[in-house]
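Enquirer: build me a model from this:
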Amino acid sequence: MNTFLVIIGIHAALAGVALVFAAFMSLVAPTDEEQEAMRKDFEARCPKGFWGRTLFCMFGRYSQRGATQNVLEHWPRQPRVRKLAYWGIACLVVAVAIGMHFGIFKPGVYVGQ
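Expert: Here you go, the predicted structure:
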């Protein structure tokens, strides 16, 4: 029974991390309208030529909007992504519950004892 719980806990942790990561990356990615606006702004502000564009992109601090800002803007508009995040958190809660059953969060308990 303990082996079965360990296997379920490991899989729940992996699924939870994967789902939360997928939701976060889906929220951080810009929408098509945002990409088009960024491209137009880039074309207007960027110097011509290979080296000018390369240096502008590397050192011009172009489009360094915070990922948190994108997440907060896209969160209310994407219900499927929210479901991904919620399912990921639920899987992580199951993994933590199974871990607590085995006492892995107790102080002084190390692997191999």
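Enquirer: can you get me a residue count around the closest residue in space to Phe105 that isn't next to it in sequence?
Expert: Excluding the flanking residues, the one nearest Phe105 by C-beta to C-beta, 6 or more residues apart in numbering is Gly99, at 6.3 Å. In this view, the C-beta of every residue, glycine as well, is placed from N, C-alpha and C. The tally of other residues near Gly99 (other C-beta atoms under 10 Å) stands at 17.
Enquirer: verify the contact between Gly99 and Gly9 for me.
Expert: Yes: because the distance of 6.1 Å satisfies C-beta atoms under 8 Å, Gly99 is recorded as touching Gly9.
Enquirer: distance check, the residue nearest to Phe105 against Tyr86.
Expert: From Gly99 over to Tyr86 the distance is 20 Å, taken as C-beta to C-beta, to the nearest Å.
Enquirer: repeat for Phe56
Expert: Distance from Phe56 to Tyr86, by C-beta to C-beta: 40 Å.
Enquirer: again, but for Glu36
Expert: For Glu36, the distance to Tyr86 - C-beta to C-beta - is 31 Å.
Enquirer: mind listing what's buried along whichever strand or helix holds the residue nearest to Phe105?
Expert: Taking DSSP states H and E as the criterion, Gly99 maps to helix 79-102. By 16 or more other C-beta atoms under 10 Å, the buried positions in helix 79-102 come out as Val81, Arg82, Leu84, Ala85, Gly88, Cys91, Leu92, Val94, Ala95, Val96, Ile98, Gly99.
Enquirer: show me how far it is from its chain's centre.
Expert: 14 Å (C-alpha atoms, centre = their mean, to the nearest Å).
Enquirer: name the residues that touch that helix?
Expert: With contact meaning C-beta atoms under 8 Å, 6 or more residues apart in numbering, helix 79-102 is reached by 2, 5-6, 8-10, 12-13, 15-24, 26-27, 74-75, 105.
Enquirer: just the buried positions in the worst-scoring helix or strand of the chain on mean pLDDT, please.
Expert: Within the chain, confidence by mean pLDDT, DSSP states H and E is lowest for helix 50-59 among all helices and strands, at a mean of 75. For helix 50-59, a neighbour-count test (16+ other C-beta under 10 Å) marks Phe56 as buried.
Enquirer: noted, bye for now.
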